[in-house]
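Q: Give the three-dimensional model of this entry:
(one chain, ligands or ions: 1)
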Amino acid sequence: MLKLLIIVGARPNFIKIAPLIEEINRVNKLKYLRTYPLKFCLVHTGQHYDYEMSQIFFQDLKIPKPDYNLGVGSGSHALQTAKIMEKLEPVILKEKPNLVIVVGDVNSTLAGALVAAKLRCSQLLITNYQLPLIAHIEAGLRSFDMTMPEEINRRLTDHISDLLFVTEPAGVKNLLNEGIHKEKIYLVGDIMIDALVKSKPKIQKSKILSKLNLKKKNYAVLTLHRPSNVDDKKILSNLISTFNEIQKKIKIIYPIHPRAKKQIKKFGFKTRLKKMKNFIITSPIGYIDMIKLVRGSKFLMTDSGGLQEETTFLKVPCLTLRETTERPITIEKGTNILCKRNKEKIIKEVKKILSGKEKKGQTIRLWDGKTTERIVRILGEKII
Ligand code: UD1
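A: Next up is the predicted model:
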């Protein structure tokens, strides 16, 4: 038996491990693998803990209840990372996995990989147990902006992992440029797209449009939660004035992240937002409803990573409100346009979309819903 320990903590992680678990369960039923079943143990660090940020994703995507919830909650980056590490080490020592799997670029990703890597250099000798390999899913992405917490998490995680599963060719190039050996690198495609493909029937049934009284292509969606956008009063104020202009032309739906909600209150922007009649703020929305909402929208404005990929797959125009993107293929081949936080640029692109001149994207190679199949096959080959 081969034991995998899968670590998740934040909203985007849950989406990525759902198809992975489904695939592990599928291959375990295959005859030829019966001698080597892949047993997995799921650890939730508790980085995200609100119902709308965590539990709803487990329900929507039928993810099994975690075997462990470390309950670390919020805190500074150092505190959150340290708490996860402290609570995770005894779990790894107890479970003795052959492989530790981390996904994405959140604090739980780095903390998980670091615990596993550090165990290797301890003097600890456990009878009949070889310390685990580390696999990083969604490796190699780089924004080249070291002020982003995610960029720190990505770089460090990649350099201590043994198996690097990459979503797009630029990721392979980045890893090679950083001196990572090519034998560790696997271009497998985007696991987020697997989640989407597998959830299609459920997405079709979502009633979110009628619930929010929306008509297809008559509204835009906004997601905004990055510290670089919501933690600075002037930047957030400029963005709000940009959204104010846009909502005069098209309704904007904004499912709000708790961090952004807190900052809006702190900076006293609530009354200003209330006056924007076509700017609708909702609670965070679960996975199935969110994809349905985005798919039906005229365009998306976002500072999220995953949604840049999902809109490219769905062929929905995407305006990214960040200075950089670590997902260049969505710009080169997809529907994404990097607008930075430039009011004129954002409004110009919105006008283009509204006059039917939106950017048309292409289909991306390996974003085909079969990424988890490729990953699990490689895992089987590498650890058997
Ligand atoms: C984290 C990830 C980010 C990802 C985002 C998705 C890191 C460094 N950042 O950012 O890459 O895009 O998740 O959502 O890991 N909060 C709640 N309830 C929750 C979770 C958070 O109220 O369930 C509030 C707390 O006030 C907390 C703040 O949101 O302090 C930020 O949470 P945190 O997990 O530190 O980072 P995110 O901004 O969510």
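
Q: going forward, measure contacts and count neighbours with C-alpha atoms only.
A: Will do.

Q: ok, now which ones touch the closest residue to Phe313 other than its chain neighbours?
A: Leaving out its chain neighbours, the residue that sits closest to Phe313 by C-alpha to C-alpha, 6 or more residues apart in numbering is Thr363, at 6.9 Å. Contacts were defined as C-alpha atoms under 8 Å, 6 or more residues apart in numbering; by that measure Thr363 touches Thr312, Phe313, Lys333, Gly334.

Q: and what of Arg365?
A: Gly189.

Q: Flag every residue of this structure that's near the ligand.
A: Contact residues, the chain versus the ligand (C-alpha under 6 Å from any ligand atom): 10-12, 47-50, 53, 74-75, 106-107, 149-150, 258-259, 304.

Q: Are any of those residues buried, and if so which?
A: Ala10, Arg11, Pro12, Gln47, His48, Tyr49, Met53, Val106, Asn107, Glu150, Ser304 (16 or more other C-alpha atoms under 10 Å).

Q: what about the strands in the stretch 51-200 of the chain?
A: 68-69, 99-103, 133-139, 163-166, 185-187 (DSSP state E, counting those that start in this stretch).

Q: Tabulate those strands in CSV, adding columns for mean pLDDT.
A: CSV is the format used below for those (pLDDT from 0 to 100):
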stretch, mean pLDDT
strand 68-69, 98
strand 99-103, 97
strand 133-139, 97
strand 163-166, 98
strand 185-187, 98
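
Q: how about TSV for those strands, with mean neighbour count added?
A: What follows is those, written out as TSV (neighbours: other C-alpha atoms under 10 Å):
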stretch	mean neighbour count
strand 68-69	16
strand 99-103	26
strand 133-139	26
strand 163-166	26
strand 185-187	20
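
Q: Dump these to TSV, plus distance to Leu321.
A: Below are those laid out as TSV (distance: least, C-alpha to C-alpha, whole Å):
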stretch	distance to Leu321
strand 68-69	33
strand 99-103	24
strand 133-139	21
strand 163-166	24
strand 185-187	27
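
Q: And this protein, what are its domain boundaries?
A: 2-189+368-382, 200-354 (automatic domain parsing).

Q: what's the residue in the stretch 151-300 of the chain that the ligand sits nearest to in contact with, if anything?
A: Going by C-alpha to the nearest ligand atom, the ligand is nearest to Arg259 of the stretch 151-300 of the chain, at 4.1 Å. Counting by C-alpha under 8 Å, 6+ apart, Arg259 touches His225, Val230.

Q: Which residue does the stretch 51-200 of the chain have closest to the ligand?
A: Closest point on the stretch 51-200 of the chain to the ligand, by C-alpha to the nearest ligand atom, is Val106, at 3.3 Å.

Q: Got the phi and psi for that residue?
A: The phi/psi pair for Val106 (degrees, to the nearest 10) reads phi -90, psi 180.

Q: My read is that it contacts Arg155, right?
A: No - between Val106 and Arg155 there is no contact under C-alpha atoms under 8 Å: 11.5 Å.

Q: Run through this protein and note the low-pLDDT ranges.
A: 31-36, 123-128, 384 (pLDDT under 70).

Q: Then the residue of the stretch 151-300 of the chain closest to the ligand would be within a helix, right?
A: Yes - assessed with DSSP: H, G, I helix; E, B strand; the rest coil, Arg259 lies in a helix.

Q: do you know how far it is from Val172?
A: 33 Å (C-alpha to C-alpha, to the nearest Å).

Q: ditto for Ser74
A: 33 Å.

Q: circling back: out of the contacts of Thr363, which comes closest to the ligand?
A: Thr312 (17.8 Å).

Q: where's that closest one, which helix or strand?
A: helix 306-314 (DSSP states H and E).

Q: Relative to Ile6, how far out is the nearest residue to Ile63 once chain neighbours are set aside?
A: Nearest residue to Ile63 in three dimensions, chain neighbours excluded: Ala18, at 5.7 Å (C-alpha to C-alpha, 6+ apart). Counting by C-alpha to C-alpha, the gap from Ala18 to Ile6 is 11 Å.

Q: ok, now His48?
A: 16 Å.

Q: Lys265 too?
A: Distance from Lys265 to Ile6, by C-alpha to C-alpha: 36 Å.

Q: Give me the three-state assignment for the residue nearest to Phe313.
A: From three-state DSSP, the assignment for Thr363 is coil.
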